[in-house]
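Enquirer: need a 3D model of the following:
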Amino acid sequence: MNTSNNSGQGFRPDINWTDSSAFNNQHNRQNEKGVFNKLSLFEYLSHLQTLSVQEKVVTNKLDKDLFTIGQSLNGFTLGFKTGLFMNILIVLYLACFYGFTSQTPRISVLADTFFINVWVVFIIVLTMWLGSYSRYVSGEVTKKMITVLFMGKMTSSIVSGVLILFGVYTLKSILASGEFEEYISYLHLDITAILQHYNQAISMLIFQVVVSSFLALVMLKFRNYFTSGDMKDTYEKY
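Expert: Here you go, the predicted model:
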């Protein structure tokens, strides 16, 4: 691929940036979605992949300011929404908490354990999937893109996770006080069994919040250890 016409002039190797009409057309395409470049998560990740290729192919380094403030806000918002979605899985975990409320399992001990803890697996898998995109970090622009995405995810995970934990601790204190014992008995729930398993439940919640919040950032920091093979030869051949 010939990049001689655009060295130091832009990030698209197929555009001659000395041509003002080409620059204007490209600028308009970049602003089709408005000032804040509102992209969906998959559009955002696709744009990340595109810029990663451009950073590798074009000899000059891209200025990180190419990724604008509006795009940064969009990336942070997408990450925030992703973190909230993952904490919905934590809420589903709480919805399955019925398995801790009775000494008699609904189906079997194994089935109850599966339905209660399957959300942990989902959170780990989703976080690993999102974190795997850190392998596309190949320069300042792509690093900025993936960092703001992960920071948004971490922020929402911590905030909503703290609120969920606060609710769990509050509920525990209410149950321990015996204030609503009559209503609990009416629902045929075993308070003793609930309190016995609360520490386990809270530990699991903390684990999920930590995984959802920090694992993606850890993968970004050590991305070279989570990727297999070096794509450099492929790009050189291309």
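
Enquirer: please count neighbours and contacts with C-alpha atoms only from this point.
Expert: Will do.

Enquirer: list the buried residues in the lengthiest helix in the chain.
Expert: Criterion DSSP state H: the longest helix present in the chain is helix 140-177. With burial defined by 16 or more other C-alpha atoms under 10 Å, the residues of helix 140-177 counted as buried are 140-158, 160-161, 164-165, 168, 172, 175.

Enquirer: what helix or strand is Phe114 located in?
Expert: Assigned by DSSP states H and E, Phe114 belongs to helix 109-131.

Enquirer: what is the rounded mean pLDDT of that helix?
Expert: In this model, helix 109-131 carries a mean pLDDT of 73.

Enquirer: what pLDDT does the model give Leu89?
Expert: At Leu89, pLDDT is 71.

Enquirer: surely it meets Val121?
Expert: No - with contact defined as C-alpha atoms under 8 Å, Leu89 does not count as touching Val121 (10.0 Å).

Enquirer: between these two, which one's more packed in?
Expert: Neighbours were counted for Leu89 and for Val121 using other C-alpha atoms under 10 Å; Leu89 has more, 17 against 11.

Enquirer: and that one, how far is that from Phe76?
Expert: For Leu89, the distance to Phe76 equals 20 Å [C-alpha to C-alpha, to the nearest Å].

Enquirer: try Lys38
Expert: From Lys38 across to Phe76, the span is 11 Å (C-alpha to C-alpha).

Enquirer: between these two, which one's more packed in?
Expert: A count of neighbours by other C-alpha under 10 Å puts Phe76 above the other of Lys38 and Phe76, at 24 against 19.

Enquirer: so who does the more buried one touch?
Expert: Phe76 sits next to 148-153 when contact means C-alpha atoms under 8 Å, 6 or more residues apart in numbering.

Enquirer: ok, now with 10 Å
Expert: Each residue near Phe76 by C-alpha atoms under 10 Å, 6 or more residues apart in numbering is listed here: 70, 82, 145-156.

Enquirer: over to Leu51?
Expert: 11-12, 45, 57, 62, 136-139, 141-142, 145.

Enquirer: mean confidence (pLDDT) on stretch 135-150, please.
Expert: Averaged across stretch 135-150, pLDDT comes to 83.

Enquirer: CA-only coordinates of it in PDB, if you can.
Expert: Below are the C-alpha coordinates for stretch 135-150, written out as PDB (Å, rounded to 0.1, in the frame of the first residue of the first chain):
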ATOM      1  CA  ARG A 135      -5.300  -6.100  21.600                       C
ATOM      2  CA  TYR A 136      -6.200  -3.400  19.100                       C
ATOM      3  CA  VAL A 137      -4.300  -0.800  21.000                       C
ATOM      4  CA  SER A 138      -1.500   0.100  18.700                       C
ATOM      5  CA  GLY A 139      -1.000   3.900  19.200                       C
ATOM      6  CA  GLU A 140      -2.100   6.900  21.200                       C
ATOM      7  CA  VAL A 141      -5.600   7.200  19.500                       C
ATOM      8  CA  THR A 142      -6.600   3.500  20.000                       C
ATOM      9  CA  LYS A 143      -5.200   3.600  23.600                       C
ATOM     10  CA  LYS A 144      -7.400   6.600  24.400                       C
ATOM     11  CA  MET A 145     -10.400   5.000  22.800                       C
ATOM     12  CA  ILE A 146     -10.200   1.800  24.800                       C
ATOM     13  CA  THR A 147      -9.200   3.600  28.000                       C
ATOM     14  CA  VAL A 148     -12.300   5.900  28.100                       C
ATOM     15  CA  LEU A 149     -14.500   2.900  27.400                       C
ATOM     16  CA  PHE A 150     -13.100   0.900  30.300                       C
END
